[in-house]
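Peer 1: sequence and predicted model, in that order:
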Amino acid sequence: MYNPKFPIPNPKSLDRRSFLIGASGLALSQLLVGCGGGNQTQLNVRLLQGSIPSQVVSQFRRSLQQRVQLQFTPIEQIQEIFRQLQGWQQKPNTTNDPVWTRFLPFGQSETVAASNLVTLGDYWLRAAIEQKLIQPLTQPEIQQLKNWTALDQRWQQLVTRNAQGNLDTQGQVWAAPYRWGSTMIVYHRERLQRLGLTPQDWSDLWRNELRSRISLLNQPREVIGLVLKKLGNSYNTENLDTIPDLEQELRTLNQQVKFYSSNNYLQPLITGDTWLAVGWSSDIMPVLARYPQLSAVIPQSGTAMWADLWVRPTKAAQDTISSQWIDFCWQPNIAQQISVLTRSNSPIFPDIVPADIQQPFRGLLQSNRETFSKSEFLLPLPPEVIKQYEALFTQMKQA
């Protein structure tokens, strides 16, 4: 998923602890491993925890014509998966470490074999390509993906990039999306009902009744982006100087904000300290069922989107089972299960019966095609443009 609150790690700053897999990950892996000998075909996947239901893996195993040993290891955060991708690229340092340490489990990054596939968020894709951590899907492999052509053109464009990781229609396909979400408005329903206010779009954040009652993500692209969207512009605008009233709108919005946080913006909302927050659906969806006083809405004018993707590490061998797994996630009945059970959206937009969705999530999952058409992925921007966003965001918060 999209999560820029964690900086993309530099290859030189790799932490060896990132290779240690927790007990819960090992337990799930053992549950999903099929029986068979050492010569059996294997599929080793490291995935974002909670992004694939275990029953979907079980169904995949039953669908295979041959016996395959499956190992699906959940990892809590995508930045940990990214560090593992970097670790698989490191050359083993067998000369500097004491001899006895070379035989310890996980003592070297090279001792952990590269998985066949891993989860990566679209935010991390550019860096993974640029650092040569992943390899593109081959053209014959893409042609064998039965549901590739069924994907909306925007999905194909998102993952087709050049060697620098930038969008390029003449580039190669580097990933396969399997679920997506968006930036949302979440609010304390009872507090706002007393004011006669039901948020519907970004413009509601400027309502006088919400002064000093809002928390925003501490992210320049997200905050400046929502203001750009309110003004009828793109989240990916490169020349901010051409947008009239942008700085004034940012100053006014800052007066509405109680605090900025990318980690702890939901707890104050739950306790009533704030009345409205802007956050990621991956954070918001889990709390809606537990706290009935909260409601969420996708802004009508469109929002920012994030995507979880399957990518192949550079050192992983190409295999047909990986392609079968990717295509399996795009089957309508499987995509429906992933969407409903992980409370996210599918890139193939399966038809979902309203009764299959819990009440708090119905409007958020059923309207995904309409949201998709109006919304945008946060695409890579040139370094000088990123600096402009950061400078303007700093200026906004100091106003």
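Peer 2: Good, I have the coordinates.
Peer 1: break down the stretch 201-350 of the chain into its strands, ranges please.
Peer 2: Counting by DSSP state E, counting those that start in this stretch, one finds strands in the stretch 201-350 of the chain at the ranges 214-216, 257-260, 276-280, 294-297, 304-313.
Peer 1: want to throw the ones you listed into JSON lines with distance to Met396 and mean pLDDT?
Peer 2: Every residue, glycine included, has its C-beta placed from N, CA and C. What follows is the strands of the stretch 201-350 of the chain, written out as JSON lines (distance: least, Cβ to Cβ, whole Å; pLDDT from 0 to 100):
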{"stretch": "strand 214-216", "distance to Met396": "10", "mean pLDDT": "97"}
{"stretch": "strand 257-260", "distance to Met396": "9", "mean pLDDT": "96"}
{"stretch": "strand 276-280", "distance to Met396": "14", "mean pLDDT": "97"}
{"stretch": "strand 294-297", "distance to Met396": "24", "mean pLDDT": "95"}
{"stretch": "strand 304-313", "distance to Met396": "17", "mean pLDDT": "97"}
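Peer 1: okay, these in TSV with mean neighbour count and distance to Gly171 next?
Peer 2: Putting the strands of the stretch 201-350 of the chain into TSV (neighbours: other Cβ atoms under 10 Å; distance: least, Cβ to Cβ, whole Å) gives the following:
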stretch	mean neighbour count	distance to Gly171
strand 214-216	25	34
strand 257-260	18	35
strand 276-280	24	28
strand 294-297	20	35
strand 304-313	24	15
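Peer 1: adding distance to Thr149, write the ones you listed out as a markdown table.
Peer 2: Listed next are those as a markdown table, based on distance: least, Cβ to Cβ, whole Å:
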| stretch | distance to Thr149 |
| --- | --- |
| strand 214-216 | 39 |
| strand 257-260 | 42 |
| strand 276-280 | 30 |
| strand 294-297 | 33 |
| strand 304-313 | 17 |
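Peer 1: between those, which one is closest to Ser373.
Peer 2: Proximity to Ser373 (Cβ to Cβ) singles out strand 304-313 among the strands of the stretch 201-350 of the chain, at 11.1 Å.
Peer 1: excluding its backbone neighbours, what's nearest Pro268?
Peer 2: Thr274 (4.5 Å; Cβ to Cβ, 6 or more residues apart in numbering).
Peer 1: mind checking the backbone torsions on that neighbour?
Peer 2: Dihedral angles of Thr274 (phi, psi; degrees, to the nearest 10) stand at phi -120, psi 160.
Peer 1: run a quick neighbour tally on it.
Peer 2: Thr274 has 23 neighbouring residues, counting by other Cβ atoms under 10 Å.
Peer 1: which of the strands of the stretch 201-350 of the chain sits closest to Ile243?
Peer 2: That would be strand 304-313 among those, by Cβ to Cβ, at 16.9 Å.
Peer 1: partner strands of the closest one, with direction?
Peer 2: Strand pairing for strand 304-313, using DSSP bridges, gives strand 117-121 (antiparallel), strand 134-135 (antiparallel), strand 176-188 (antiparallel), strand 376-377 (parallel).
Peer 1: now that strand, how far from the centre of its chain.
Peer 2: Strand 304-313 sits 6 Å away from the centroid of its parent chain (Cα atoms, centre = their mean, to the nearest Å).
Peer 1: coming back round to it: thought the residue nearest to Pro268 was touching Arg211?
Peer 2: No: with contact defined as Cβ atoms under 8 Å, Thr274 does not count as touching Arg211 (11.6 Å).
Peer 1: sorry, back to before: figure out which of the strands paired with strand 304-313 is closest to Glu238.
Peer 2: Comparing the strands paired with strand 304-313 against Glu238 with Cβ to Cβ, the closest turns out to be strand 376-377 (13.3 Å).
Peer 1: mind giving me the packing neighbours of the next helix or strand after the closest one?
Peer 2: Following strand 376-377 in sequence order, the next helix or strand is helix 383-398 (DSSP states H and E). Counting contacts by 3 or more Cβ pairs under 8 Å, 6 or more residues apart in numbering; DSSP states H and E, helix 383-398 packs against helix 220-230, helix 246-256.
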